[in-house]
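> give me a 3D structure for the following:
(chains A and B)
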Number of protein chains: 2
Amino acid sequence: MTKPKIVVLGAGYGGLMTVTRLQKMLSQNEAEIVLVNKHDYHYETTWLHEASAGTLHHDRVRYAISNVINRSKVKFVQATVENIKPNENKVVLNNGELDYDYLVVALGPESETFGIKGLKEYAFAITSVNAARRIREHIETQFATYNTEKDKKEERLTIVVGGAGFTGIEFLGELTNRVPELCREYDVDFQKVRIICVEAAPTVLPGFDPELVQYAMEQLQKKGVEFRIGTAIKEATPDGIIVAKGENETEEIKAGTVVWAAGVRGNSVIEKAGFENNRARVKVEEDLRAPGYNNVFIVGDCSLVINEETNRPYPPTAQIAMQQGVVCAKNIVALLKGQETQKFVFDNKGTVCSLGDDDAIGIVFGRKLKGTKASFMKKVIDNRALFMIGGLSLVLKKGKFKFF
Amino acid sequence: MTKPKIVVLGAGYGGLMTVTRLQKMLSQNEAEIVLVNKHDYHYETTWLHEASAGTLHHDRVRYAISNVINRSKVKFVQATVENIKPNENKVVLNNGELDYDYLVVALGPESETFGIKGLKEYAFAITSVNAARRIREHIETQFATYNTEKDKKEERLTIVVGGAGFTGIEFLGELTNRVPELCREYDVDFQKVRIICVEAAPTVLPGFDPELVQYAMEQLQKKGVEFRIGTAIKEATPDGIIVAKGENETEEIKAGTVVWAAGVRGNSVIEKAGFENNRARVKVEEDLRAPGYNNVFIVGDCSLVINEETNRPYPPTAQIAMQQGVVCAKNIVALLKGQETQKFVFDNKGTVCSLGDDDAIGIVFGRKLKGTKASFMKKVIDNRALFMIGGLSLVLKKGKFKFF
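Sure thing, here's the model as predicted:
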C-alpha cells in the first residue's frame, strides 16, 4: 500500500505552519510530506522592511527550513514552482515534476503595479530577502556616490516610497531611523535628504483608526517624511517618478530610489494553473479548498477569505496565513481519516504597524496602543510567529528582544 | 611688524608633515601658519585600497586634522584650491583668496587615464575616501543585485582591475579576502566570481624583485585572480572593457566593476598655475623649491625628484612625501632666519606591497621579505607614518595591530 502524498508549495507563514502541524499530527507511515520552496530558508516577510532599510541584517530575517522540519517525516525540495496541473495532480518545477494526492498552495505574492508604466523596471519592491538587501545596497550606493560627483545630484538623496499602506509606513519608520546613520557614514548633510511618501488614497493607512493614523503621520513627519497624500503615481522613470497634479497636469519628482510598496497580488502560478481567481487570488471554500478541486488547499497570500462583517476580503497578513495553516493541516488529516473538514474562521487578534524600532501604532485585542507599548506588542507578535512555527528554540535564536 | 605667513596646501602626507614640523620649530610670534585642505580630515592614501575593497572601514583610514595640528599656531581653512598665482603670491580657493609669504604646495594627485576612452566615465579610481567607499558600495550592490534578476548577469560578479602596479596589486590582495565574505552575504557561488587584472606592461609590479613578483602572482592566483599581462585596455564602456588582442584585434571583457589603478599624475592646479611641469609634476630644485620661485615649495605627488643612481624619478610614495615634509619645514625655517636651505636627499628605507591582511612582499633595509614577516613590516610602516605625524596618541587611536 502506498502512502498518500501531500505536497506543500511555499515555505512562507502559511506553508510552514501547515507542514509543522502536519508533521506533528501524522506518523511516518500515515503520509509522505513534501515541502517545495525556492530557497532553503524561510524569511519573515513582515520584517523585510527592516532588512530593506538596513536596520536589521537579512540573516536575522531568515532561518534555514531544515531548522523547523522533521526530516524523517518531511522531504524538502528546493525548486521554483512553474505551474500546477490540478486536473492531473501534478506540479511543474523548474527542475522536474511532482505528483500529489493532496496539494497545499502556499506560494508568495507578487508586487501589484496596477499597470503603472515603468514601475517594474525602475522601482524596487520589498518582496524577498534578495530584494531587500538590494534595496539596502542601492540606497547606500546613492549616498556613497553623492560626494564623489563634482556636480552634486541632490536627487540621489531623495527616496520615494509609493504607498502609505502597512508596508509603506513600516518601511518609512525604519528609513527615518537609518538615514541619520547613512548621513554619518557618507558625510552627507541630513538637510539634503528627502523622504517622500506618495499615496493615491485620500489617507495614510486606510481603514486604520484615525487617531492612530494622525499619530503615525506626525511621528514620521517629525523625522523628516514628506507626505503627498491623494497623489497618484503616473509613471516611474530612470530619474524618479511622475505624479498627477490637479486634473490634467503632472509633476516630476526626481529620486535616486523609488520603492513601490502599494500593493501585492497573488502568485502568477495561480493564473497559469487555471484556478478561478481575482488578481491571482482564489476565493477558497470554507474549508480552504480551491473551488472544484477536493484535494487542493490554498492558504496565505494566494487565498481570499471574505470578512462576513464587512463583506470585503481580509487583507493578506502573516496572522491569517498562519491560522489558515493550522486549519489546513487539520483538514488534510481529516480527509486522510475519512472525517469531515472544518470551516476556517479568522480570529483577528489585532494589528500593529511599526514606526521604527522604538515606536508603533496598533489595535491589540481591541485596545488602541501607540509608542513604546505598541512597539513592545509588535515584538511580541513577531516572536509569536517564530514560536508557532519553530517553538521556543527558534524564538531564542531569531527572536526580537530588548533588554532595558 | 607683521608675521611672515606660511600657507600649506593639502593635508596629505607631505603637507601634514610640513605643518606638524613647522609648529614644533616655530613659536606663535615667528610665523602665521595656514593649512588649506578640501576635507577636515587627513586620510591614509596608502590604505585606501582596503577601504575600497571593504576590508577596513573608511573611518579607520582617516582622522580629523584638528587631532594633529596645534590650533594656537596653525589656522585651518577648509577649502578647495582652484588656482595658484605664484607671481602675485596668491592662492585662489573655491571660497575666497589667500596671500602668502611662503607657500607649500602639497596637493594630491589625480588619476592618469592616458587618454583611454571611457575610463573617466565608467571606471573607478582609488583616489579618496569618497571614491573608496563608493567602490566598496558599487561592488556590494553588484553582488546584491545578482540574485534579484531572473536572467542572471554573470558579469555583475566580474571585477576588472586595470593595472598591476603597487595600487592594483594591493587592491587585489584585499579583494580576494573580501569576495568570500560578499559571497556569503549575498548567497553567491564563489565559482561565479571573476577577478581579472589587466596590465599593459610585460610584468606585474615592474621594477620589483622578480622572485617576489613571482610569489605575489602565485598567491593572488591561488585566491582566484586571473592575470592578463601585456594586455592594453583600449576602452572602458558601460559594460566592461575592451582590450587589445594581437595586432589588430580587440576583445570585450564584460564586467560590472572596473577599477583603474594604473597611474597617477600630479594635480591639475600645477598646470593651471603655470609651473613648468611634466604631467602636472614639477621637477623641484634641490631644496624642494619650484624653479623660478624662491618662496614656493612643492612636496609630495606634485613634485618630481630624480634618483641619481638610475636617472629616473622616484615614484611618488608616502615615504618620500613625508621625508620631503621634514626638509621643507626645515628650509622654510632657515629662510625665515636668513640661513641656507638644505638639499633634499631621499633615504629609501624600502617598500612593502601588501597582498591582503596577512600576506605581503617587500624589501626593507635591503632585505627581501614575504608572507607574514612582510605583512608585519607593512603594519610597522603604516604605524610609523601615524607616529611621525601625530605621535604615539595617533598610533594608539588609528594604528594597525594584530594581537595573536
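> which residues touch the residue most central in space within chain A?
In chain A, the centroid-proximal residue (C-alpha atoms, centre = their mean) is A:T45; its distance is 4.1 Å. A:T45 makes contact with A:12-13, A:108, A:318 under the criterion C-beta atoms under 8 Å, 6 or more residues apart in numbering or on different chains. The C-beta positions use only the backbone N, C-alpha and C, and glycine is treated the same way.
> in contact with the closest residue in space to A:C302 that isn't next to it in sequence, which residues?
Counting by C-beta to C-beta, 6 or more residues apart in numbering or on different chains, the nearest residue to A:C302 once its immediate chain neighbours are dropped is A:G266, at 4.2 Å. Each residue near A:G266 by C-beta under 8 Å, 6+ apart is listed here: A:107, A:109-110, A:277, A:279-282, A:301-302.
> one more: A:V8?
A:15, A:18-19, A:22, A:33-36, A:103-104, A:106.
> of all those, which comes closest to A:A64?
Taking C-beta to C-beta as the measure, A:A64 lies nearest A:L35 of these, at 12.6 Å.
> that closest one contacts A:V77, doesn't it?
Yes - the criterion here is C-beta atoms under 8 Å, and A:L35 meets it with A:V77 at 7.1 Å.
> who has more neighbours out of these two?
A:L35 (26 against 15; other C-beta atoms under 10 Å in any protein chain shown).
> check the contacts of A:V8 and tell me the two furthest apart.
Every pair of those checked by C-beta to C-beta; the farthest is A:L22 and A:V36, at 14.1 Å.
> which of these two has more neighbours?
Set side by side, A:L22 and A:V36 show more neighbours around A:L22, with 27 against 22, by other C-beta under 10 Å.
> how about the secondary structure of the more buried one?
For A:L22, the assignment made with DSSP: H, G, I helix; E, B strand; the rest coil gives helix.
> isn't it up against A:A31?
Yes - using C-beta under 8 Å, A:L22 is in contact with A:A31, at 7.4 Å.
> that older thread, what about the residue nearest to A:C302, distance to chain B?
A:G266 sits 19 Å away from chain B, going by C-beta to the nearest C-beta, to the nearest Å.
> where in chain A is the helix or strand with the lowest mean pLDDT?
None of the helices or strands of chain A scores lower by mean pLDDT, DSSP states H and E than helix A:372-398, at a mean of 89.
> and that helix, what's buried?
Under the neighbour-count criterion of 16 or more other C-beta atoms under 10 Å in any protein chain shown, helix A:372-398 has A:374-375, A:377-379, A:381-386, A:388-390, A:394-395, A:398 buried.
> for A:G96, what are phi and psi?
Dihedral angles of A:G96 (phi, psi; degrees, to the nearest 10) stand at phi 150, psi -170.
> count the residues that sit near it.
9.
> again, but for A:H49
Other residues within reach of A:H49, judged by other C-beta under 10 Å, total 28.
> for it, which non-adjacent residue is spatially closest?
Excluding its sequence neighbours, the residue lying closest to A:H49 (C-beta to C-beta, 6+ apart) is A:F171, at 4.1 Å.
> and what of A:K117?
In space, A:K117 is closest to A:E235, 4.5 Å off (C-beta to C-beta, 6+ apart).
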